[in-house]
Structures are given as C-alpha cells and as structure tokens.
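S.K.: Output the structure for:
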Amino acid sequence: MDEAEARAALERFRQSGIRIDRDGRFWHEGGEITHPGMLAAFRRWLDRLPDGRHILRLDEQRYVYVDADDAPLVASSLRWDGAGAFLTLPGGEEPLDFASLRIDHQRGDAVYARVRSGRLDARLSPQAWTQLAEHVIDTPAGPAVEVHGQRWPISLL
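M.R.: The predicted model follows:
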C-alpha cells in the first residue's frame, strides 16, 4: 500500500458514524448512546479540527470524525457569580466568554457561545438564555450584555 492509499484508508477508518443531535445527544447507527461512562468520555474527547470538522480526539494522531446537527454542546443553564457568568455544560461548568455570544436568526434565533478555550460552540438552552437575558440590553448597534458597567455586543448572524 502506497502513502496515498494509506491516507485514504485512514480517512475511511475515521468515519465513525457517530452523530450529535441538536439537543447534544450522541447517536450511532440509529441508536442513542446512553451509557454514562461512554457519554462522559465522548464529551471529554470532543474537539474540532482547524478545518471545522468535529472529532473525538484521544491525542494528535488518534481521532474519529463526528457529525453534529448543530453546536456539539448545549448549555443547560447559566449561573451568575459577581461580574461573571458560568455555563453549565455536560461534564461541568465553564466561564461564559461574553465576547463570543451570537444570535443566529437562520437557526430560530438560537444563542451560541464559544467554549473550551474557543475550540467549540455551545448552544444556550432556553433556560440558559433566560438567565442571561436579565443582563441583555438594546443599544443602537443591537443587543449587548451589560454587567457592572461593561458591555459586550452580541453578534447577529
């Protein structure tokens, strides 16, 4: 097998058949993956390549592709702590990066934020959005989050 054939074989091998639905549930071959240990591992391994493809990564060389119907993570709630906020994600909390917030009108006005050091997107659940909305104001430039006198515009897509 030459190098091109080996690369093609590796690419075929990396097609896992795993899909993440809009609600953050993992599926394989039509069945939902529900094993708690497997879900915890998948969520820990979730990453994204520079070209935007979602993957489950063990290390730099060992990963498989994952299809995502929407953002691969869903923030179930938001907790305020002083001037900051924390998103509740599968596997734990993460500080909300206010500057990364955006509303996508083409996806039913879904609200998204960047998580995991900007590598992944998380969609805010209606509950998380409601908890954030208490600090959202209208400005001439559009919506913004205002906390303790600081403002972060929310991008509109």
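
S.K.: okay, now the domains of the chain?
M.R.: 3-68, 73-156 (automatic domain parsing).

S.K.: Averaged pLDDT, the first one. What do you get?
M.R.: What domain 3-68 shows for mean pLDDT is 90.

S.K.: Name the nearest residue to residue 127, ignoring sequence neighbours.
M.R.: Excluding its sequence neighbours, the residue lying closest to residue 127 (CB to CB, 6 or more residues apart in numbering) is residue 77, at 5.2 Å. Backbone N, C-alpha and C define where each C-beta goes, glycine included.

S.K.: For this protein, which segments count as helices?
M.R.: Secondary structure of the chain by DSSP state H: the helices cover 3-13, 36-45, 126-133.

S.K.: looking at these, which is buried most?
M.R.: helix 126-133 (a mean of 17; mean count of other CB atoms under 10 Å).

S.K.: Could you verify my assumption that residue 105 touches residue 155?
M.R.: No - Residue 105 sits out of contact with residue 155 when judged by CB atoms under 8 Å, with a separation of 11.0 Å.
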